[in-house]
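Predicted model and sequence below, questions to follow.
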Amino acid sequence: WQTTRVTIRERTKFMFDNDLFSDVKFVVPKAVGETESKQVISAHKLVLSISSPVFEAMFYGELAETTDTIELPDCEYDSLLELFRFVYSDEVNLSGSNVMGILYLAKKYILPSLTDRCIEYLRNNLDPSNVFSILPSAENYQEKTLVDQCWKLIDEQTEEVVKSDEFAKIERSLLEAVVMRDTLKIEEIELFKAVDLWATKQCEKQGLASDGVTKRRIL
């Protein structure tokens, strides 16, 4: 197989998720419907270490792992697989369902080029239905350009974003940040209705009666 792949990229790509010469395995959770199982991804310490300083420290540092099997309970199988795909081939399959998990791992393992790919994907696919799921992560990761784009969309398409399913799930601190803005394009009564619905959803979440007294206390 080595003689049929003329570039180092092609040969490295062939080693992606391949037991051949593998010297480390990652065990990660994988959700299938409502059940969760564990999946194994075969990898190569050298390939991972020349791409990530975190993996270098993990495998070759003073406190290097002594086991060849590493469990990572903080990530999904599909996200880690795409992270490794990028490391081995410079390719990544991003989607709305996996981009946040991949971004988390790209930050965790200090892969700035993959982080940039994720941020670019989020910027290109930002819309009223997902802005409130993207904004908190963008702020957490201090991605100012993406944060600014989120707020610009909220300002310009306020009525659509407050009617999204995600708006009813946002944290109270984000709700406060929204209603305090002077740049929203929405009638005040429509914003009031959206906030009232948010309070109703909070009551339901906490198992409380969604009457005026309870909603006012929550707000």
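Cool, the structure landed.

ok, E204 touching S210?
Yes: with contacts defined as C-beta atoms under 8 Å, E204 counts as touching S210 at a distance of 6.6 Å. For the C-beta atoms, the positions are set from N, CA and C on the backbone; glycine is no exception.

In space, what's closest to V161 - neighbours in sequence excluded?
Spatially, and ignoring its direct neighbours in sequence, V161 is nearest to P128 (4.4 Å; C-beta to C-beta, 6 or more residues apart in numbering).

ditto for I186
Per C-beta to C-beta, 6+ apart, closest to I186 is T158, 4.0 Å.

P29 too?
Using C-beta to C-beta, 6+ apart and skipping the chain neighbours, the partner closest in space to P29 is E36 (5.3 Å).

again, but for S133
Leaving aside its chain neighbours, S133 sits nearest to E166 (5.1 Å; criterion: C-beta to C-beta, 6+ apart).

picking up where we left off before, got a list of what the residue nearest to I186 touches?
Residues in contact with T158 (C-beta atoms under 8 Å, 6 or more residues apart in numbering) are L184, K185, I186, L191.

Quick check: buried residues in stretch 143-160?
E143, L146, V147, Q149, C150, W151, L153, I154, D155, Q157, T158, E160 (16 or more other C-beta atoms under 10 Å).

Quickly find the element holding the last one.
With secondary structure defined by DSSP states H and E, E160 is part of helix 158-162.

Show me the helices in the protein, by range?
8-14, 45-49, 53-60, 77-89, 99-108, 112-124, 131-140, 144-156, 158-162, 172-179, 188-206, 212-218 (DSSP state H).

Just put those helices in CSV and tack on mean pLDDT and distance to V27.
Output for the helices of the chain, formatted as CSV (pLDDT from 0 to 100; distance: least, C-beta to C-beta, whole Å):
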stretch, mean pLDDT, distance to V27
helix 8-14, 96, 23
helix 45-49, 97, 15
helix 53-60, 96, 15
helix 77-89, 97, 9
helix 99-108, 97, 15
helix 112-124, 97, 22
helix 131-140, 96, 26
helix 144-156, 97, 32
helix 158-162, 96, 39
helix 172-179, 96, 35
helix 188-206, 95, 33
helix 212-218, 92, 41
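
Quick check: which of the ones you listed is nearest to D68?
Taking C-beta to C-beta, helix 45-49 is the member of the helices of the chain nearest to D68, at 9.0 Å.

Can you spell out which helices and strands pack onto the closest one?
helix 53-60, helix 77-89 (3 or more C-beta pairs under 8 Å, 6 or more residues apart in numbering; DSSP states H and E).

in that helix, what's buried?
Those would be K45, V47, L48, S49, for helix 45-49 by 16+ other C-beta under 10 Å.

which residues sit against that helix?
Contacts for helix 45-49 (C-beta under 8 Å, 6+ apart): T12, M15, D23, V24, F55, E56, M58, F59, Y60, F84, V87, Y88.

closest to L114 among those residues?
Taking C-beta to C-beta as the measure, L114 lies nearest V87 of the contacts of helix 45-49, at 8.3 Å.

what number of residues lie near the closest one?
Here the count is done by other C-beta atoms under 10 Å, and V87 has 23 residues near it.

Relative to S52, how far out is K108?
When distance is defined by C-beta to C-beta, to the nearest Å, K108 is 9 Å away from S52.

out of these two, which sits in the busier spot?
Of the pair K108 and S52, S52 is the one with more neighbours under other C-beta under 10 Å, namely 21 against 14.
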